[in-house]
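Q: below are the sequence and a predicted model for it; my questions follow.
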Amino acid sequence: MVVLVYLLLKCKTSLWIYDHQLATCKKMQRISRLKRELQMLGTEPPAGITCWQTEDNMNELRAQIVGGSGTPYEGGIFSLEIKIPERYPFEPPNMRFLTPIYHPNIDNCGRICHDALKLPPKGAWKPSLNISAVLTSIQLLMAEPNPDDPLMADISSEFKYNKLLFSEKAKKWTHEHAIQKNKSTLETNENAQDQKTSHRKREAFSAHNTEDAAKKTRL
């Protein structure tokens, strides 16, 4: 009886060690894949798309998509939040727009209705896809909305039956949220840089005057 209990405990321990090693191996493979994807996005990004990790956390990424030429989103820069699930690439990344966008397949919270972001049978995600491919698909969705699978029924109806009104509203949102705010952010950053430069100049000027005064005192 004692021997049987010992063998059972040994078996459970062996299984636990195996499961732990398997989980560690999968985690290492996931990290390795994410590093490769981010490196590729950094060196050979799709046109109009940038993506980077936030600080040292590879599970949370940020991306920007430039509005396509000839679309209501032209000239806009749209920011996205990307969260990588533990089971990636066997589960799709979670993506949402941080920049408000007027679009039938994107709701007011930035959630995106797209097959590539859902598992089968309702979606088309598969492990062979990657972050770059999904961002490119979203960029295409911005240019070619799918009104038959909407998140925003009223916007979908506008797109179907009054495309001119839809285009006007989408352009207005783009100007307010994706162009004007980016300009304000850029101006704020430039002003901050100017202030830092001025501060350094004042410090240098003050140090120079102090040095001159010290020389005169010694004389």
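A: Happy to help now that I have it. Numbering: from 1, shown residues only.

Q: what's the helix or strand residue 170 falls within packed up against?
A: Secondary structure here is read from DSSP states H and E; on that basis residue 170 sits in helix 163-173. When contacts are defined as 3 or more Cβ pairs under 8 Å, 6 or more residues apart in numbering; DSSP states H and E, helix 163-173 packs onto helix 153-161. All C-beta atoms are positioned from the backbone trio N, CA, C, and that covers glycine.

Q: angle of the helix it packs on against helix 163-173?
A: Relative orientation of helix 153-161 with respect to helix 163-173: 130 degrees, computed using axes from the mean of the first three to the mean of the last three Cα atoms, to 10 degrees.

Q: on that earlier part again, what sits up against the helix holding residue 170?
A: For helix 163-173, contacts defined as Cβ atoms under 8 Å, 6 or more residues apart in numbering pick out 72-73, 100-103, 155, 158-159.

Q: tell me how far the ends of stretch 76-90 are from each other?
A: With Cα to Cα, to the nearest Å as the measure, the first residue of stretch 76-90 is 32 Å from its last.

Q: return the set of buried residues in it.
A: 76-80, 82, 84, 88-89 (16 or more other Cβ atoms under 10 Å).

Q: so where does the residue sitting nearest the centre point of the chain fall, helix or strand?
A: Residue closest to the average C-alpha location in the chain (Cα atoms, centre = their mean): residue 62, at 2.5 Å. Secondary structure from DSSP H and E places residue 62 in strand 57-66.

Q: each with direction, which strands does that strand pair with?
A: The pairing partners recorded for strand 57-66 under DSSP bridges are strand 49-54 (antiparallel), strand 77-83 (antiparallel).

Q: isn't residue 93 up against residue 87?
A: No. Contact between residue 93 and residue 87 fails when scored by Cβ atoms under 8 Å: they sit 10.9 Å apart.

Q: and residue 29, backbone torsions?
A: Backbone torsions for residue 29, taken as degrees, to the nearest 10, come to phi -60, psi -40.
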